[in-house]
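In: Generate coordinates for the sequence data below:
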Amino acid sequence: QYAFTNCSVAELINLSPQADRITPYFGGLFLDEPLPKDGFIDLPDKPGFGVTLNREGLKRPYVRSADEVIKHYYANAEIVAPTKAHMPF
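Out: This is a model prediction of the structure:
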């Protein structure tokens, strides 16, 4: 069961545009997104979020050149991870 008292998301029903069936909340982003049935959601026991990303449907919102890809890769690879968790404010 995945519901909490006074939780607005748990009370949300995802309907198709014709309101004749329940549809996945994230559209086609996940191949195996759990859908509510009889008021319950069976949570997957897979690691992480428990869903599989649909890589076929992914696309970049803009085109990047090979030089930009390399530049961004090295910029992110050089970031030092924090050693202690802290609030940013």
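In: how close does the residue nearest to Asp42 when sequence neighbours are not counted sit to Asp45?
Out: Spatial nearest neighbour of Asp42, chain neighbours left out: Pro34 (5.9 Å); criterion: C-beta to C-beta, 6 or more residues apart in numbering. Backbone N, C-alpha and C define where each C-beta goes, glycine included. To Asp45, Pro34 is 11 Å away according to C-beta to C-beta, to the nearest Å.
In: which of the two has more neighbours?
Out: The residue with more neighbours, out of Pro34 and Asp45, is Pro34; 16 against 6, by other C-beta atoms under 10 Å.
In: So Glu56 versus Phe49, what's the distance?
Out: 19 Å.
In: pLDDT weak spots in this structure?
Out: 1-15, 89 (pLDDT under 70).
In: Mind checking what secondary structure the residue of it most remote from its centre has?
Out: Going by C-alpha atoms, centre = their mean, the residue of the chain most distant from its centre is Asp67, 28.7 Å out. Using DSSP: H, G, I helix; E, B strand; the rest coil, the structure places Asp67 in helix.
In: Going by neighbour count, list what's buried in stretch 24-34.
Out: The neighbour-count check on stretch 24-34 (16 or more other C-beta atoms under 10 Å) flags 30, 33-34 as buried.
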